[in-house]
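**Student:** here is the input, now give the coordinates:
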Amino acid sequence: MSGAARRFSEVWDRFFYTGFSAESLGLLRICFGVGLLPFHIVQFESLVRLDSDGTSFYFIDPMWHFELLGIDFNQPLLTMLVCCVLMVATLTMALGLRTRTSIAVVIVSIFYLKGVRDSFSADVHHRYLVPINALFLLLPSKCGWAYSLDSRRRPGAPRPLEWEASWPIKAMQLYCASFYFWSIIAKLRVTGWAWFNGERVQDVLLRRSLLWGVDEAGNPVANQLAYDMAQSPALCFLLSQITFILEAGFPFILLIGSPRWRLLFLAGVAFFHLVNGVLLYVGFVLMPIVFLSFFDLEPVYQRLRRRWHGSPPAETPQASTS
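**Tutor:** Down below sits the predicted model:
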């Protein structure tokens, strides 16, 4: 192996396999699971409102995995049951009860419910893309070792090594960063640099503001703010540049060592999603639940624990790197 390849391997191993403990991974599982509960509700509330005793009906355009399995119509009662299973499995995942089984059930339930919802609209929604891949990364990991009911059932289980706790978290970080970067690539592929001259943003603002029609005075029924913002080309240009900076610059967060600077940047991205949700009805408002992977939650938990209970600082055992 050449010297350059060896140095790259060392840097890669240091990044990918160090930095987190089993406790950090367990806390991430808890916070991620709790965050997914409202995420599920927002994404599938339209399915919950279906009449469970209603008749079955065929999909407009079944999703690819439904076509593969030969599922071409909806069973309202089954959809309702899967919704309940999803919520229960997400809760047991957060509690760490049969953790891997719970994660697997969550994944299968999401695939079914997402297939039902998207088959209704004949459109593929990407709001679960990052969370579902995060679940796939947690599935083979040892995220159920710490802060879980499983750990109480198996008190003698060997402690995960540092690399075993670190790789799922670092993989989440890499995937999340790539998701935002490839969003920019997708925009450039579809419209080129014209997307960032403000015209595309203006067009989207106008169409979304008029989504629910206009009143007798010709004003938008539901989104006057988006309509007013679309009247300013300078503001639309500014919004397009902010989009470019946030998405193209997102991978640089992997190089930021300070938790405070990471928090500041991710807070800006979270606000970006909130604005998109209000103005454009883009349903990524709860996406920031995956941003927790960019922080070591164990020191935060211990600090809060000392503040709440006044207990002395807990010595968190360090995972062996051997």
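
**Student:** contacts, neighbours, all on C-alpha from now
**Tutor:** OK.

**Student:** can you give the domain ranges for this protein?
**Tutor:** Domain assignment of the chain by automatic domain parsing yields the ranges 20-160, 178-322.

**Student:** out of these, deepest packed?
**Tutor:** Mean neighbour count (mean count of other Cα atoms under 10 Å) peaks for domain 20-160 among the domains of the chain, with a mean of 18.

**Student:** let me see the ranges of the strands in the stretch 51-200 of the chain.
**Tutor:** For the stretch 51-200 of the chain, the strands defined by DSSP state E, counting those that start in this stretch occupy 57-58, 73-74.

**Student:** tell me where this structure has helices.
**Tutor:** In the chain, the helices defined using DSSP state H lie at 3-16, 22-48, 64-69, 76-95, 99-121, 129-138, 149-153, 162-191, 199-209, 224-230, 233-248, 259-280, 297-309.

**Student:** and of these, who's closest to residue 291?
**Tutor:** Of all the helices of the chain, helix 259-280 sits nearest to residue 291, with 7.1 Å by Cα to Cα.

**Student:** how about the nearest residue to the most centrally placed residue in the chain, chain neighbours excluded?
**Tutor:** A centroid search over the chain (Cα atoms, centre = their mean) returns residue 131, at 3.8 Å, as the residue closest to the centre. The shortest distance from residue 131 to any non-neighbouring residue, by Cα to Cα, 6 or more residues apart in numbering, is to residue 290 (6.8 Å).

**Student:** again, but for residue 292
**Tutor:** Of all residues not flanking residue 292 in the chain, residue 28 sits nearest, at 6.9 Å (Cα to Cα, 6+ apart).

**Student:** what's near enough to touch the one you found?
**Tutor:** Going by Cα atoms under 8 Å, 6 or more residues apart in numbering, residue 28 touches 292, 293, 297.

**Student:** what's the closest non-adjacent residue to the last one?
**Tutor:** Going back to what we said before, that points to residue 297. Leaving out its chain neighbours, the residue that sits closest to residue 297 by Cα to Cα, 6+ apart is residue 24, at 5.5 Å.

**Student:** now swap in the second one and tell me
**Tutor:** Nearest-residue entry for residue 293: residue 169, 5.8 Å, with adjacent residues in sequence omitted and distances by Cα to Cα, 6+ apart.

**Student:** got the contact list for the one you found?
**Tutor:** Residues near residue 169 by Cα under 8 Å, 6+ apart: 20, 25, 293, 294.

**Student:** what about those residues, which are in strands?
**Tutor:** Judged by DSSP state E, strands contain none of those.

**Student:** and the residues you listed, which is closest to residue 245?
**Tutor:** Nearest to residue 245, judged by Cα to Cα, of the contacts of residue 169 is residue 294 at 19.1 Å.

**Student:** the strands of the stretch 51-200 of the chain into TSV, with extra columns for mean pLDDT?
**Tutor:** Formatted as TSV, the strands of the stretch 51-200 of the chain follow (pLDDT from 0 to 100):
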stretch	mean pLDDT
strand 57-58	76
strand 73-74	82
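
**Student:** looking at the ones you listed, which is closest to residue 246?
**Tutor:** Ranking the strands of the stretch 51-200 of the chain by proximity to residue 246 (Cα to Cα) places strand 73-74 first, at 39.1 Å.

**Student:** mind giving me the packing neighbours of that closest one?
**Tutor:** Contact here means 3 or more Cα pairs under 8 Å, 6 or more residues apart in numbering; DSSP states H and E; on that basis strand 73-74 packs against strand 57-58.

**Student:** direction included, what does the strand it packs on pair up with?
**Tutor:** Here strand 57-58 has these sheet partners by DSSP bridges: strand 73-74 (antiparallel).

**Student:** hey, which helix or strand in this protein has the poorest pLDDT?
**Tutor:** strand 57-58 (a mean of 76; mean pLDDT, DSSP states H and E).
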